[in-house]
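>>> Predicted model and sequence below, questions to follow.
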Amino acid sequence: MNTEVLQGACHCGRVRFEVRTAVEPASRCNCSLCRRKGALMTPSFPADDLKILDGREALTLYQFNTRVAKHYFCKHCGIYTFHQTRMDPRLWRVNIGCLEGVDPYTLSASVTDGASSSVVEGA
Ligand SMILES: [Zn+2]
């Protein structure tokens with residue numbers, strides 16, 4: 001895993017961030033939320049490696065099921081930018097599609113079995 005510092009933004013550009021992470025192995029998740037948003041995610045990285053540069057007030061938080069994971073979206077353009085993981089709240093992942101200079105369609109991705117790790121059935 002090669003970590004690098006990458007710039008990221010939501011679609012409307014209100015939310016801007018900088019992250020130190022690898023982009024591979026990229027993954028998708030099959031939980032009920034990720035199945036709907038369809039985003040390719042970076043490997044997880046420690047919270048300190050994500051810096052929100054701008055637009056903190058544009059972010060909105062969505063939680064469901066165990067309400068441990070924190071899924072952040074831009075409330076203006078609706079794009080999921082990053083989330084704090086349920087498996088380990090010290091770890092975060094970002095939406096690879098939000099990163100400058102990275103083409104998510106060139107990465108091969110595995111599927112994380114988030115559906116089976118949900119505590120509540122069907123979440
Ligand atoms: Zn936005």
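Here it is on my side, so go on.
>>> shouldn't Asp88 be in contact with Ser44?
Yes. Taking C-beta atoms under 8 Å as the definition, Asp88 is a contact partner of Ser44 at 7.3 Å. C-beta coordinates here come from the backbone N, C-alpha and C atoms, glycine included.
>>> what does stretch 22-33 contact?
1-4, 6, 34-35, 38-43, 45, 62, 64, 71, 96, 99, 102, 104, 107-115, 117-118, 122-123 (C-beta atoms under 8 Å, 6 or more residues apart in numbering).
>>> Now do stretch 61-77: distance to the chain's middle.
10 Å (C-alpha atoms, centre = their mean, to the nearest Å).
>>> End to end on it, go ahead and measure it.
Using C-alpha to C-alpha, to the nearest Å, the span of stretch 61-77 from its first residue to its last is 14 Å.
>>> Equivalent analysis for stretch 55-64, please.
With C-alpha to C-alpha as the measure, the first residue of stretch 55-64 is 23 Å from its last.
>>> in it, what's buried?
Of the residues in stretch 55-64, those scored as buried under the neighbour-count criterion (16 or more other C-beta atoms under 10 Å) are 55, 58-59.
>>> Mind putting those into a markdown table with secondary structure and pLDDT?
Converted to a markdown table, the buried residues of stretch 55-64 look like this (DSSP: H, G, I helix; E, B strand; the rest coil; pLDDT from 0 to 100):
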| residue | secondary structure | pLDDT |
| --- | --- | --- |
| Gly55 | coil | 98 |
| Ala58 | helix | 98 |
| Leu59 | strand | 98 |
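>>> out of the residues you listed, which one sits closest to Phe17?
Relative to Phe17, the closest of the buried residues of stretch 55-64 is Gly55; by C-beta to C-beta it sits at 8.4 Å.
>>> any idea how far that closest one lies from Gly97?
Counting by C-beta to C-beta, to the nearest Å, the gap between Gly55 and Gly97 amounts to 17 Å.
>>> ok, back up a step: filter the contacts of stretch 22-33 down to just the ones in strands.
Residues of the contacts of stretch 22-33 located in strands (DSSP state E): 4, 6, 45, 62, 71, 109-112.
>>> mind listing the helices for the protein?
Ranges of helices in the chain, per DSSP state H, are 32-37, 114-117.
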